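**Student:** got a predicted structure here, sequence first:
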Amino acid sequence: MNISAALQTLQDTVGAWPALAAQPHRFGGVEFVHGKVEIGHIHRNGMIDIPLTVPLRRYLVAQGLAEPHHLLGDSGWVSFYVRQAEDVEGALWLFRLSYLHKLRRRQPQRDWQPEIAQLNLEPTLRELLKLDAA
């Protein structure tokens, strides 16, 4: 699978998640939104950007799961690069983390635990997401 096909797989997978809309991103590529809340976006060069909180960004970067955003390094945004087909799994995990984090906050009455469990989150990450307080 070449990079173009890998990015298309990523776009098709994330775009199929319930309650998300795919739309053109202002700097090129495609972004995924729930209402007006962005879940993340894919640039044509294989870079993805995911909005999270600063504590989540610090943790993910420290664990080597993402890089600081290429322009907004002190924000909660992270960047991840899809350079080969094997990188799609990591990109999907980050998109899913953002998706569940955002939707869980917007729909607190729903039981998100089965979907969150599929992420296999470490205790520190669960704490940062305030999962055990819900």
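**Tutor:** Looks like it arrived, so ask away. Numbers count the residues shown, from 1 in each chain.
**Student:** the worst-scoring helix or strand of the chain on mean pLDDT: how far from the chain's middle?
**Tutor:** The weakest-scoring helix or strand in the chain, judged by mean pLDDT, DSSP states H and E, is helix 113-117 (a mean of 85). Between the centre of helix 113-117 and the centre of its chain there are 16 Å (C-alpha atoms, centre = their mean, to the nearest Å).
**Student:** before we move on, what about stretch 28-48?
**Tutor:** 9 Å.
**Student:** could you do stretch 70-84 as well?
**Tutor:** 11 Å.
**Student:** for it, buried residues please.
**Tutor:** Neighbour counts using 16 or more other C-beta atoms under 10 Å place 76-82 of stretch 70-84 among the buried residues. In this view, the C-beta of every residue, glycine as well, is placed from N, C-alpha and C.
**Student:** ok, of the residues you listed, which one's closest to Ala62?
**Tutor:** Val78 (11.4 Å; C-beta to C-beta).
**Student:** show me where pLDDT drops low in the protein?
**Tutor:** Within the chain, the ranges that satisfy pLDDT under 70 run 72-73, 132-134.
**Student:** appreciated, that's everything.
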